[in-house]
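In: Mind folding the following:
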Amino acid sequence: MRKLWKRMLTGVLTLTMVLGLSACGDGNGTGTTTEGTNDTKNTESEGSTEPGSTVTDTVMNEFSDMASTELAVRLGNGYNLGNTFEAADMKRPGNYADNGVSHFETLWGQPITTKEMIDDIKNAGMDTLRIPVAWTNAMDIENGDYTIHADYLERVKQVVDWALEDGLFVVLNDHWDGQWWGVFGEKDASRREIGYTIFKEMWTQVGTYFKDYDEHLILEGGNEELGDRFNDIGNPIVKDGNGLSKDECYETANKVNQLFVDTIRSLDGYNKTRFLLIPGYGTDITQTLDSRWHMPKDSVEGKLFLSVHYYTPWSYCGSSGSLKNLSVYTEQGYGIIIGECGVLPTSNREMKPNWQLWYENFYANCDIYGYVPLLWDTGNMLDKNTHTWIDEGVKSFLLENSYESQKEMSYEEVKAAAEKKMADALAAAPETFDTNQKLAGDGTAIAWIMWDSQDWNIVYSVGDTYDPDSKTFGIKATDVEVTGEGTYTVALDFTKTDAGKSVGTAFSAIGIANGEELFPGYVIDIKQVLINGQEYKLNGRNYTSSDDGLCTRSNLYNEWVPKVPDDARTRGGGTAGCSPTVLEKECGDVQTIEITFEYVPGAAGISTNDANSKN
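Out: Reported below is the predicted structural model:
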């Protein structure tokens, strides 16, 4: 059997990766069949093992004494049952009885899950199934009733049982869930307690219901919501949200994670020692490595996993070393699960060029560091209706990298095979992508357009770190070096992408890398925006600010910033008429966007009130 290891290697070259979109979308369905449900919890337990029973004795098995770093080897490769139970209907407050389980399960275009689909996942070499769930679908949270409907729990249980029957491990989490998490960010601090109440009631019920399921069932406290998304404002339960600072978001994430561990540990059965998966800050690696975030305390040793996602969607990226950096947690005894990963196919259901190079490199890194990769899929990889993979090569790769295929290998053999795959992949990779822009790492000021499409299928260098390789394949960018005061033009051309366009924008901004350091106090004054060659009238005035004190930014469309920040600056010094959404989210199909702006020193000696009175 493959040897278990705890000391992670360092200095390994990593290619950061292309990721699939997290669960989002819109469907309808009818009744769900629950016949043939079989419990596959530990059958050696004495007494009743039905959900809700009072049995507290658990049975020792081969996993009972394992630490999470050791169990990670057995978890092997995994698969997400995406856009299924986590599909949330924001229009259904209080009317669960009128919809039923299948309404949600099919809401985002997925078919009703069957045992045959779970068999397909197992037969493709998967060792672990992650089942994202929106538990508030079956609660009446708007009216303060946090009871989860029994039939919803029963349906989730049925799919869990099918997976366990196939010998899969199962990760069960709360996922997006209609943005109810935004109640944690209410400006009225007393209302934030509603969030903690919902969270505790939810996990008390789920933990109790599955208390007699052994180590094959792992509970995960949340998804990407435990971070900046505490400030989400989209759910009807959120009255006056977006009230937390970044520091307060970190503080809240730590508090919620601790509540998750304490709640599960307070329950009977296997919950006393169950493996738990703790979502990192927004499941983002960089932000999880921030000193403000920490793993929660636990009453038992070695039973916590850390969950992170790589989220640079649809972009082949350069070496960042971020996988190696995560080993700081494995060295502390925490196993690591990459909760979502994978190269998604094109809209024509074809695998992207060089997809296998990415898979070989990333999965090799996971082998070396002991991480667990869970493939994200919403029916784009595995066609659940026809029970076929769109590319048999993906299935073959997953089979070759399953636990079953590697279990007889020593760690030295696994390491050698992984390093060879990485070397071969790097040798076969292109030298550069289709950009000749100068990077900003040498202190150069580079201006560019950050961009996410409304459907999240088009992305270009989103974030305060300029990364022209972080993009959807086919984008042509015009990024420019900023040398001081002057007029500059930046642009994006989406016509050569697979979609040929961007559907509106979910987020966009002008960024100037190193602008705050090289040109402190300068402002971006937008003079003209052309969309598809036609002049676009802005929805208000743009302003200039910075999130990190290094990158200068002017938001074009940022729904997460509901008002102009206090540190905003403009050419005239005032902020009257300024908006963080000068572009409309529904700005149409964008084939090209070109923005001309002046970069000038900001106004000095003019108070905001004085400036506002002049505008």
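
In: so what's residue 510 closest to, chain neighbours aside?
Out: In space, not counting the residues next to it along the chain, residue 510 is nearest to residue 554; the distance is 4.6 Å by CB to CB, 6 or more residues apart in numbering. No exception for glycine: its C-beta is placed from N, CA and C like everyone else's.

In: Show me what counts as buried in stretch 573-586.
Out: For stretch 573-586, a neighbour-count test (16 or more other CB atoms under 10 Å) marks 573-575, 578-583 as buried.

In: which non-adjacent residue is nearest the residue nearest the centre of the chain?
Out: The geometric centre of the chain, computed from its C-alpha atoms, lies nearest to residue 224 (CA atoms, centre = their mean), at 4.9 Å. Once its chain neighbours are removed from consideration, residue 224 has its nearest residue in residue 283; the separation is 4.8 Å (CB to CB, 6+ apart).

In: tell me the mean pLDDT for the host helix or strand of the one you found?
Out: Secondary structure assignment for residue 283, by DSSP states H and E: strand 276-284. Average pLDDT, strand 276-284: 96.

In: about what we covered before: tell me which residues touch the residue nearest to residue 510, please.
Out: 509-510, 524, 526, 542-545, 597 (CB atoms under 8 Å, 6 or more residues apart in numbering).

In: can you rerun that using 7 Å?
Out: Contacts were defined as CB atoms under 7 Å, 6 or more residues apart in numbering; by that measure residue 554 touches 509-510, 524, 542-544.

In: Residue 397 now?
Out: For residue 397, the contacting residues are 356, 359, taking CB under 7 Å, 6+ apart as the criterion.

In: try 8 Å this time
Out: Residue 397 makes contacts with 356, 359-360, 363, as judged by CB under 8 Å, 6+ apart.

In: Next, give phi and psi for residue 105.
Out: When read as degrees, to the nearest 10, the backbone of residue 105 gives phi -60, psi -30.

In: so how far is residue 509 from it?
Out: As defined by CB to CB, to the nearest Å, residue 105 lies at a distance of 37 Å from residue 509.

In: now the helices for the stretch 401-550 of the chain?
Out: Along the stretch 401-550 of the chain, the stretches classed as helices by DSSP state H, counting those that start in this stretch are 403-406, 411-428, 515-518.

In: Out of those helices, the one nearest residue 386 is which?
Out: helix 403-406 (24.9 Å; CB to CB).

In: just to revisit the earlier point, out of the contacts of residue 397, who's the most crowded?
Out: The most crowded member of the contacts of residue 397, judged by other CB atoms under 10 Å, is residue 359 (25 neighbours).

In: Which element, helix or strand, includes it?
Out: Assigned by DSSP H and E, residue 359 belongs to helix 355-369.

In: Could you identify the helix or strand that succeeds that helix?
Out: Beyond helix 355-369 in the direction of the C-terminus, DSSP H and E gives the next helix or strand as strand 372-375.

In: now for the helix or strand that residue 70 is a member of, which elements pack on it?
Out: For residue 70, the element it lies in under DSSP H and E is helix 68-75. Of the remaining helices and strands, those touching helix 68-75 by 3 or more CB pairs under 8 Å, 6 or more residues apart in numbering; DSSP states H and E are strand 304-309, strand 335-341, helix 403-406.

In: rerun that using 6 Å as the cut-off
Out: Counting contacts by 3 or more CB pairs under 6 Å, 6 or more residues apart in numbering; DSSP states H and E, the secondary-structure elements packed against helix 68-75 are strand 335-341.

In: Walk me through which strands the strand it packs on pairs with, and which way each runs.
Out: Here strand 335-341 has these sheet partners by DSSP bridges: strand 304-309 (parallel), strand 372-375 (parallel).

In: ok, now how distant is residue 249 from residue 275?
Out: The gap separating residue 249 from residue 275 is 26 Å, by CB to CB.

In: which SS class is residue 201?
Out: Following DSSP: H, G, I helix; E, B strand; the rest coil, residue 201 is assigned to helix.
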